[in-house]
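J.: Prediction below, plus the sequence it came from.
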Amino acid sequence: MTLLPRLPPLAAERILESYLSTGPDQWRGFNANELPEAVRFTPTGGSPIAARKLEELREGILAIAKNNGFGGKGTRAELSCFDAQAAAWLADQSVLASGEALRDDVWAFVAIVMFPDIANWRFGDSPERYLGGVRNTLQRLWMRGKLFDRGQESLDRWGLLEKLTEDAFVQITERPSLGGNPVLAIAIAEAWVRASLHHGKGAMESLTRRAMLQIRARNEVRSLDELPAESLVAVLDLIFETPAAELHGSSTMEVNSREASTLNGVASHALTTAATRLLDEARRWNLLSPKSNAALQSILALEFQLTLSERNALRYLLERMEGIGLLESEIRVLGTAIY
């Protein structure tokens, strides 16, 4: 295994402070043969990366940056293009394919020692863009490339990196329950693209924030990544308010049928929205029983064939919540569906 240089937090802060205080124009450049004394390699498990490999990483990212306005201010389109191209390039580098690349101190080294000029061009003096973490200038791009890779067999392998907006990336990757789950993350990204085609990108920021709240709530009740692929598509399209029939055509008629399904005449979107809110409130008041919980989970998964005991348990839950004076409109929606 190739071992990557690590820059411990205190040393990272000290070197960064020096770089920012003297100014980017005074940076001497990167020398792979003369790393800072504070740089460390893990003592076991492989061989330290060769200086030439570090130079190749530097050259590769620098070439992408120069093709997208590096040296000048950079337009929004150029910066976005740099992010997409650099993410794909980083994700495809074999030296970054091991667990070493999961460490924040590795990316602190990358941004502070190898690429402070790129970090400064992209984000200015903000420390979080240099130090290790999900907002590190290049760490965030590597994470995106690994997470949203459609696979080598895809004809549009890196398409998601080009189509998602910065806000969409942040909404997915900076939430551990979503960004830490590759199956769910890429499914959300694909659903976001479908929604943006229907609603227009201008409407996506507020819609995305609402959708993420629903996705996280449902994922706590039932792991969405365990749903069959077509069911997951249907659930996410419901959340993003995207008509499935318009987007998927005849190849997914089964999904479209479930999307358009109702329970006693109540539309599935209204049911799942009400069930999400009811679950949160019932959990907060400690009112859920195993059967009522199972009933709400089934509704959230678009499985509307409730057993008699599940219907009775949900009916009892609604009566208790109504007596307390909670969620009147949601109780009315679910009550209409099950009575």
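T.: Everything's here; your move.

J.: so how many other residues sit close to the residue nearest to Leu138 when sequence neighbours are not counted?
T.: Spatial nearest neighbour of Leu138, excluding adjacent residues (Cβ to Cβ, 6 or more residues apart in numbering): Val110 at 5.4 Å. Yep, even glycine has a C-beta here, placed from its N, CA and C like the rest. Using other Cβ atoms under 10 Å, Val110 is surrounded by 30 other residues.

J.: does Val110 really touch Leu141, like I thought?
T.: No: with contact defined as Cβ atoms under 8 Å, Val110 does not count as touching Leu141 (10.5 Å).

J.: picking that back up, got the contact list for the residue nearest to Leu138?
T.: By Cβ atoms under 8 Å, 6 or more residues apart in numbering, the contact set of Val110 is Leu57, Asn136, Leu138, Gln139.

J.: Look up how far Leu7 lies from the second one.
T.: Per Cβ to Cβ, to the nearest Å, Asn136 is found 11 Å from Leu7.

J.: And these two? Which one has more around it.
T.: Using other Cβ under 10 Å, the more surrounded residue of Asn136 and Leu7 is Leu7, with 28 against 24.

J.: List the contacts of that one.
T.: The neighbours of Leu7, taking Cβ under 8 Å, 6+ apart as the test, are Ile15, Pro36, Ala38, Val39, Arg40, Asp105, Val106, Ala108, Phe109, Ile112, Val113.

J.: Please convert the buried members of these into PyMOL selection syntax.
T.: Buried subset of the contacts of Leu7, written as a PyMOL selection, criterion 16 or more other Cβ atoms under 10 Å:
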select buried, resi 15+38+39+105+106+108+109+112+113
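
J.: Surely Leu306 forms part of a helix?
T.: No: read with DSSP: H, G, I helix; E, B strand; the rest coil, Leu306 is coil and lies in no helix.

J.: Kindly indicate whether the spatially most central residue of the chain is helix, strand or coil.
T.: Central residue of the chain (Cα atoms, centre = their mean): Ile172, 2.2 Å from the mean position. Three-state call for Ile172 (three-state DSSP): helix.

J.: residues contacting it?
T.: Going by Cβ under 8 Å, 6+ apart, Ile172 touches Leu147, Leu178, Gly179, Ala185, Ile188, Ala189, Met212.

J.: number of nearby residues for the last one?
T.: The criterion is other Cβ under 10 Å. On that basis, Met212 has 17 neighbouring residues.

J.: so what pLDDT did it get?
T.: Looking at Met212, its pLDDT stands at 92.

J.: isn't it right next to Glu174, touching?
T.: No: assessed by Cβ under 8 Å, Met212 is found out of contact with Glu174, at 10.3 Å.

J.: Could you pull up the mean pLDDT of stretch 105-114?
T.: For stretch 105-114, mean pLDDT is 98.

J.: can you check stretch 282-291 too?
T.: For stretch 282-291, the mean per-residue pLDDT is 88.

J.: CA-only coordinates of that stretch in PDB, if you can.
T.: Extracted as PDB, the C-alpha positions of stretch 282-291 are listed here (Å, rounded to 0.1, in the frame of the first residue of the first chain):
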ATOM      1  CA  ALA A 282     -45.600  10.200  17.700                       C
ATOM      2  CA  ARG A 283     -42.000   9.300  18.400                       C
ATOM      3  CA  ARG A 284     -41.600  12.600  20.300                       C
ATOM      4  CA  TRP A 285     -44.700  11.800  22.500                       C
ATOM      5  CA  ASN A 286     -43.700   8.100  22.800                       C
ATOM      6  CA  LEU A 287     -47.000   7.000  21.300                       C
ATOM      7  CA  LEU A 288     -45.800   4.500  18.800                       C
ATOM      8  CA  SER A 289     -46.600   0.800  19.100                       C
ATOM      9  CA  PRO A 290     -44.900  -1.900  17.000                       C
ATOM     10  CA  LYS A 291     -48.000  -2.300  14.900                       C
END
